[in-house]
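Chemist: Curious how this folds, go ahead:
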Amino acid sequence: MDCQQIRLMLSAFQDGHVVESERREVAAHLARCGACSQRLGQLEMARRTLRAIPSRPAPAHLSYSLRAMASREAAHRRRYGGFRGWLRGFGERSARFANDLMRPLALPAAGGLASAVFLFSMVMTNFQGIVRQVHNDVPISIATEPTVRSILVDLADDAELTLDVFVDEQGRVIDYSFPEGYGSLNSSQMRRRLENTLLLTEFNPATNFGQPVSGWVRVKFRGRSEIDVKG
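Modeler: Presented below is the predicted three-dimensional model:
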């Protein structure tokens, strides 16, 4: 072997990932070639330097984020697996394609509709008695906050926690944070139990004009059996 081939094999030689015949050949070459021996020494120094670098602790929410990502991926595979899933995915892609085709027409159509409504309202104001104020009118709710669908609380009996939870359009918990002034969890065990509780909690997502949307909601846990959700 020449020096170029030997240098390509130095890293595998250090890790012991070469066969015995190649190991003997590399060792014999290093014994007689000072340049390749110096290159091997540089690799050893780089390895020792990397090992001496202190490892950074993983963020506290990393395991929860990874589990949430795995849960979303598993749900996606269950939803679109098999022939029925393929048909569902094809229908959704077709709907998005049709929606993209209609978008260039949406703004002119909306402008024309708004103009027609404005002109109609200007004309109708000349007719007395048609528009009347209803004193007992009940306003229609155009937006709702997330509500709890199911929960399996895994906290201590005396635990009382308040946190903000981000819920997506399917009612799954994506992220959480502690509001300012409500503190945080210093115990890693309690944090894991809280994250397990959130992972097993299902929400009815918030809605806007009847369509599910994602958003933050404030949740208070009291002991093992009580939960309070506030928008």
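Chemist: Just give me how far the longest helix along the chain sits from the chain centre.
Modeler: Criterion DSSP state H: the longest helix present in the chain is helix 82-124. When C-alpha coordinates are averaged (C-alpha atoms, centre = their mean, to the nearest Å), helix 82-124 and its chain have centres 28 Å apart.
Chemist: heads up, I number from 715, so please use that
Modeler: Sounds good: first residue 715 from here, last item helix 796-838.
Chemist: Toward the C-terminus, what is the element adjacent to it?
Modeler: strand 857-858 (DSSP states H and E).
Chemist: same for the longest helix of the chain, what does it pack against?
Modeler: Helix 796-838 sits against helix 776-794, with contacts defined as 3 or more C-beta pairs under 8 Å, 6 or more residues apart in numbering; DSSP states H and E. Backbone N, C-alpha and C define where each C-beta goes, glycine included.
Chemist: Now tell me what touches the helix it packs on from outside.
Modeler: 799-800, 802-803, 884, 886-890, 906, 909, 912-913 (C-beta atoms under 8 Å, 6 or more residues apart in numbering).
Chemist: List only buried entries from these.
Modeler: The neighbour-count criterion (16 or more other C-beta atoms under 10 Å) marks Arg886, Val887, Ile888, Tyr890, Glu909, Leu912 among the contacts of helix 776-794 as buried.
Chemist: Give the full set of residues in contact with the residue nearest to Glu883 when sequence neighbours are not counted.
Modeler: Spatial nearest neighbour of Glu883, excluding adjacent residues (C-beta to C-beta, 6 or more residues apart in numbering): Pro926 at 4.4 Å. Going by C-beta under 8 Å, 6+ apart, Pro926 touches Glu883, Gln884, Gly885, Pro919, Ala920.
Chemist: ok, back up a step: could you dump the buried ones among the contacts of helix 776-794 into CSV and include secondary structure?
Modeler: Conversion of the buried ones among the contacts of helix 776-794 to CSV gives the following (DSSP: H, G, I helix; E, B strand; the rest coil):
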residue, secondary structure
Arg886, coil
Val887, strand
Ile888, strand
Tyr890, strand
Glu909, helix
Leu912, helix
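Chemist: Among these, which one lies nearest to Glu758?
Modeler: Nearest to Glu758 among the buried ones among the contacts of helix 776-794, counting by C-beta to C-beta, is Glu909 at 41.6 Å.
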